[in-house]
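Colleague: Next input, structure requested:
(one chain, ligands or ions: 1)
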Amino acid sequence: PTEHRWWKEGVIYQVYPASFMDANGDGLGDIRGIISKLDYIKSLGATTVWICPHYDSPQIDLGYDIADYESVYPPYGTLKDMDDLIAGCHARGLRIIVDLVINHTSDQHKWFKESRSSKDSLKRDWYIWRPAKYDAQGNRQPPNNWRSNFSTAAWTWDEHTQEYYLHLFCPEQPDLNWENPETRKAIYATAIEFWLKRGVDGFRVDTVNMYSKPEGLPDAPILNPDAEHQVAASLYCNGPRMSEYLSEMNHVMSPYDTMTVGECPATPDRNRVIQYVSAASKQLNMVFQFDVVDVGQGKETKYNTVPFNWKLPELKQAINSSQSLIVGADAWTTSFMENHDQARSISRFASDAPEFRVQSGKMLAMLNATLSGTLFIYQGQEIGMINMPESWPVSEYKDVESSNFYNSVARATNNDPKALAKAKAAIQHLSRDHARYPMCWDSTPQGGYSSNTETWMRVHDLAGEINVAQQESDPNSVLAFWRLMLQMRKQHAAALVHGYYEIIDFEDEMVFSYWKKGRGETALVVLNFTSQEQPWTMPPSWQKLGLELVVSTQGKTKDVPDALQAFEGRVYIKNH
Ligand code: TEU
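Modeller: So this is what the prediction gives:
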């Protein structure tokens with residue numbers, strides 16, 4: 001990885017508009033709120049801001065159901081506010097990327113309204129319509145057995161035109177038909193060029209590997225014979241024309257100095273990923289692989305698991321799959337553990353118990369900030385925000401993914417208390433809602449997020465303790481430690497951003513240590529993933545003396561005893 005591009009050493013801070021900062025006091029975040037926090041984002045050491053969907057939308061899937069690519073969701077603000085946000089970023093030397101959601105639109109998009117108006121509509125073929133199938137008893141059945149990503153069928157029957165349409169997510173998110181060149185042209189003009197002309201610096205590309213559907217839309221293999229619909233990701237991800245579409249899209253962006261990061265679920269095959277992200281293939285600059293965030297999740301459905309049902313070697317291996325992309329290929333990669341679709345990393349991968357959560361947050365900061373690739377931080381991760389309190393009732397969970405899942409269990413088991421308790425435990429651990437409750441800014445009411453007592457999601461019970469203002473004044477805070485790690489990452493980019501990752505202790509279930517070998521310098525990272533002290537000794541090839549050292553429990557320091565404290569992390573750096 002030699003070619004230097006601005007995004008390679010970038011640190012990208014992800015903002016979820018609904019939950020970041022409410023400037024107008026309506027209980028929902030907005031663009032003006034984001035603008036008011038740009039200095040804070042810059043102060044972290046971030047170089048780029050990623051804004052989750054800001055477009056006009058019925059908000060069935062929190063903005064990932066877009067009704068108009070060229071206008072802003074009115075409660076968030078106006079096009080003028082977006083122009084000010086773009087200018088505000090650029091004035092501070094920050095870049096800005098926005099979400100590009102083009103696998104599907106909202107069912108309220110004018111294209112879909114036209115498409116559904118009649119079988120003869122000029123836009124009929126812009127979405128994926130199919131006639132019904134009938135079983136032996138003459139019952140109407142969808143064209144295939146696919147399940148959507150949100151626990152329901154992937155097809156919805158349209159009474160008016162007597163056909164089914166495909167939606168890999170909610171019924172309110174019909175999939176666009178990418179096979180139609182006219183549709184692709186319209187997507188590029190409205191969703192991509194419109195925003196590049198306004199000055200955005202790139203895109204996080206939603207569900208980037210789902211545009212090309214397999215020929216004939218075949219049934220998925222039956223994984224769960226009791227289920228009405230089957231998981232079909234292996235069929236609809238990475239379809240036959242993906243590379244063609246992405247090359248075309250890349251070409252549309254080529255006059256601009258952009259970056260793209262594609263969201264790439266269900267793609268365990270390294271060679272497939274390399275095809276998307278190798279510089280030579282000119283498709284995407286990098287992708288988010290799912291190996292890390294999938295650790296501990298159920299296979300057939302993510303919630304079909306029990307908390308902490310994973311071992312440390314699985315995490316090491318998962319990290320290897322993204323880190324290895326830069327070895328022996330002209331490809332680039334990403335480092336991230338959180339986003340708006342994932343529960344909080346402290347609660348999932350370490351401990352959110354009061355006595356451990358600060359240590360856990362710092363140790364995970366060290367992990368994230370020492371991995372190669374472009375680094376992504378999700379709002380609140382930098383202050384160690386944790387999952388929603390377990391005492392909150394299921395009614396506090398607002399997201400369609402968790403509520404559909406919970407309701408499907410209730411229906412399937414006729415409200416069996418044991419099944420519901422298991423389902424509740426799963427969403428308490430893994431729901432997307434944990435990333436979506438309001439950002440905690442200070443100890444004032446509503447955590448400084450809003451002046452309105454009616455916030456769209458409930459403010460965390462611990463907002464008075466875990467917040468930005470409190471940590472700004474504490475040199476031992478998670479926030480202070482993230483800042484230190486980001487400085488260090490910049491200073492030692494050769495090892496930390498570009499270096500090769502080599503696991504030292506693959507089998508160890510308590511301690512995670514690895515080398516990062518870069519040009520001119522090597523880093524040794526050691527992380528204790530347990531709540532107990534762990535013995536550890538420096539590899540014999542290394543001498544303690546003369547190494548630069550950062551310890552998560554102390555900051556920059558000269559020397560420490562060998563044994564690692566609970567959830568302690570260390571990074572040693574040696575120049576060659
Ligand atoms: O997510 C795509 C995706 O694959 C999700 O099903 C993801 O695996 C899940 O949310 C994990 O719990 C993207 C967006 O990031 C997500 O917010 C949207 O809901 C989805 O696309 C549809 O646009």
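
Colleague: How about the residues of the chain by the ligand?
Modeller: Taking CB under 6 Å from any ligand atom as the criterion, the chain approaches the ligand at residues 61, 64, 101, 149, 169, 206-207, 263, 265, 302, 340-341, 401, 432. Glycine gets a C-beta too; all of them are placed from N, C-alpha and C.

Colleague: Just the ones of those in helices?
Modeller: Per DSSP state H, helices hold the following members of those: Glu401.

Colleague: Determine which two of the residues of the chain next to the ligand are furthest apart.
Modeller: Distances among the residues of the chain next to the ligand were taken as CB to CB; the most separated pair is Val101 and Lys302, at 20.4 Å.

Colleague: Residue ranges in the stretch 51-200 of the chain under the pLDDT threshold?
Modeller: Nowhere does the stretch 51-200 of the chain drop to pLDDT under 70.

Colleague: Give the closest residue to whichever residue of it sits closest to the ligand in space, chain neighbours not counted.
Modeller: Taking CB to the nearest ligand atom, the ligand has its nearest neighbour within the stretch 51-200 of the chain at Tyr64, 3.3 Å off. The spatial neighbour of Tyr64 that comes closest, neighbours along the chain excluded (CB to CB, 6 or more residues apart in numbering), is Val101 at 5.4 Å.

Colleague: before we move on, back to that, got TSV for the residues of the chain next to the ligand, with neighbour count too?
Modeller: Listed next are the residues of the chain next to the ligand as TSV, based on neighbours: other CB atoms under 10 Å:
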residue	neighbour count
Asp61	22
Tyr64	24
Val101	27
Asn149	24
Phe169	25
Asp206	19
Thr207	22
Glu263	21
Pro265	19
Lys302	20
His340	21
Asp341	19
Glu401	22
Arg432	20
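
Colleague: Include distance to Lys418 when you put the residues of the chain next to the ligand into CSV, please.
Modeller: Listed next are the residues of the chain next to the ligand as CSV, based on distance: CB to CB, whole Å:
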residue, distance to Lys418
Asp61, 30
Tyr64, 33
Val101, 38
Asn149, 26
Phe169, 30
Asp206, 36
Thr207, 34
Glu263, 35
Pro265, 30
Lys302, 20
His340, 31
Asp341, 28
Glu401, 22
Arg432, 24
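
Colleague: neighbouring contacts of the helix or strand containing Met485?
Modeller: Using DSSP states H and E, the element containing Met485 is helix 478-491. If you take CB atoms under 8 Å, 6 or more residues apart in numbering as the criterion, helix 478-491 is touched by 9, 11, 43-46, 358, 361-362, 365-366, 369-370, 375, 377, 382-384, 468, 471-472, 474, 496-497, 550, 552, 555-556, 571.

Colleague: Residue of the stretch 451-576 of the chain closest to the ligand, please.
Modeller: For the stretch 451-576 of the chain, CB to the nearest ligand atom, closest residue to the ligand: Met457, 15.0 Å.

Colleague: was I right about that residue contacting Glu396?
Modeller: Yes: between Met457 and Glu396 there is a contact at 7.4 Å, judged by CB atoms under 8 Å.

Colleague: Which parts of the stretch 401-550 of the chain are strands?
Modeller: Secondary structure of the stretch 401-550 of the chain (DSSP state E, counting those that start in this stretch): strands at 500-503, 511-518, 521-528, 548-551.

Colleague: tell me the most buried of those?
Modeller: Among the strands of the stretch 401-550 of the chain, strand 521-528 has the highest mean neighbour count (mean count of other CB atoms under 10 Å), at a mean of 23.

Colleague: Partner strands of that strand and their direction?
Modeller: strand 511-518 (antiparallel), strand 569-575 (antiparallel) (DSSP bridges).

Colleague: Including mean pLDDT, could the ones you listed go into CSV?
Modeller: Output for those, formatted as CSV (pLDDT from 0 to 100):
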stretch, mean pLDDT
strand 511-518, 98
strand 569-575, 95
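
Colleague: quick one: which of the strands of the stretch 401-550 of the chain is nearest Trp310?
Modeller: strand 511-518 (12.9 Å).

Colleague: List the contacts of the nearest residue to Arg140 once chain neighbours are set aside.
Modeller: Ranked by CB to CB, 6+ apart and with sequence neighbours excluded, the top spatial neighbour of Arg140 is Ala132, at 4.6 Å. Residues near Ala132 by CB under 8 Å, 6+ apart: Arg140, Gln141, Pro142, Pro143, Trp157, Gln162, Glu163, Tyr164.

Colleague: Would you agree the first one is in contact with Gln162?
Modeller: No: with the criterion set as CB under 8 Å, Arg140 and Gln162 do not qualify as a contacting pair; they are 9.7 Å apart.

Colleague: Tell me where the stretch 351-500 of the chain has helices.
Modeller: In order along the chain, the stretch 351-500 of the chain carries the following helices (DSSP state H, counting those that start in this stretch): 357-369, 400-412, 417-430, 468-472, 478-491, 493-496.

Colleague: deepest of the ones you listed, which one?
Modeller: Note that of the helices of the stretch 351-500 of the chain, helix 357-369 is the most buried (mean count of other CB under 10 Å), with a mean of 26.
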